[in-house]
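> Prediction below, plus the sequence it came from.
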Amino acid sequence: MYLPELRLFLEELCCELCRFRHMKDDGLAPEEIEVDREWPLGPAGAFADIYVMPDRLPSYFVEVKYGKIGRASCRE
């Protein structure tokens, strides 16, 4: 149905939420936060959904999961 489009929409929303979080919590300007999608992880065909690289802060990956309930969908 529309699941591929929903996934892309959710990924885009998560990218912007990550950017806004660093703007608000860390005082960074939007241009100081690089957010990339489909970041290669090494093995052929392995990708992270989102890679966030805020200036002066550690970079991190975000995996977008939907359709799961509770703790199964959130880990730090």
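Perfect, thanks for sending it.

> Low-confidence ranges, the chain, go.
1, 68-76 (pLDDT under 70).

> And the helices in it?
3-26 (DSSP state H).

> I'd like to know how many residues surround residue 10.
For residue 10, the neighbour count with other CB atoms under 10 Å is 14. All C-beta spots, glycine's among them, are computed from the backbone N, C-alpha and C.

> Which residues are in contact with the closest residue to it other than its chain neighbours?
Nearest residue to residue 10, sequence neighbours excluded (CB to CB, 6 or more residues apart in numbering): residue 64, at 5.4 Å. By CB atoms under 8 Å, 6 or more residues apart in numbering, the residues touching residue 64 are 7, 10-11, 14, 49-50.

> if I look at residue 64, how far off is residue 28?
As judged by CB to CB, to the nearest Å, residue 64 and residue 28 stand 22 Å apart.

> same deal with residue 17?
Per CB to CB, residue 17 is found 14 Å from residue 28.

> When these two are compared, which one has more neighbours?
The neighbour comparison of residue 17 against residue 28 (other CB under 10 Å) goes to residue 28, with 17 against 12.

> wait, what's in contact with the more buried one?
Here residue 28 is in contact with 22, 54-57 (CB under 8 Å, 6+ apart).

> try residue 37
When contacts are counted by CB under 8 Å, 6+ apart, residue 37 touches 11, 15, 49-51.

> now swap in residue 55 and tell me
28, 32-33.

> Point out the ones among those that are inside strands.
Per DSSP state E, strands hold the following members of the contacts of residue 55: residue 33.

> can you redo the contacts of residue 55 as JSON lines with distance to residue 44?
Shown next, in JSON lines, are the contacts of residue 55 (distance: CB to CB, whole Å):
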{"residue": "28", "distance to residue 44": "34"}
{"residue": "32", "distance to residue 44": "32"}
{"residue": "33", "distance to residue 44": "29"}
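
> For residue 2, state which of the contacts of residue 55 is nearest.
Of all these, residue 33 has the smallest distance to residue 2: 29.3 Å, by CB to CB.
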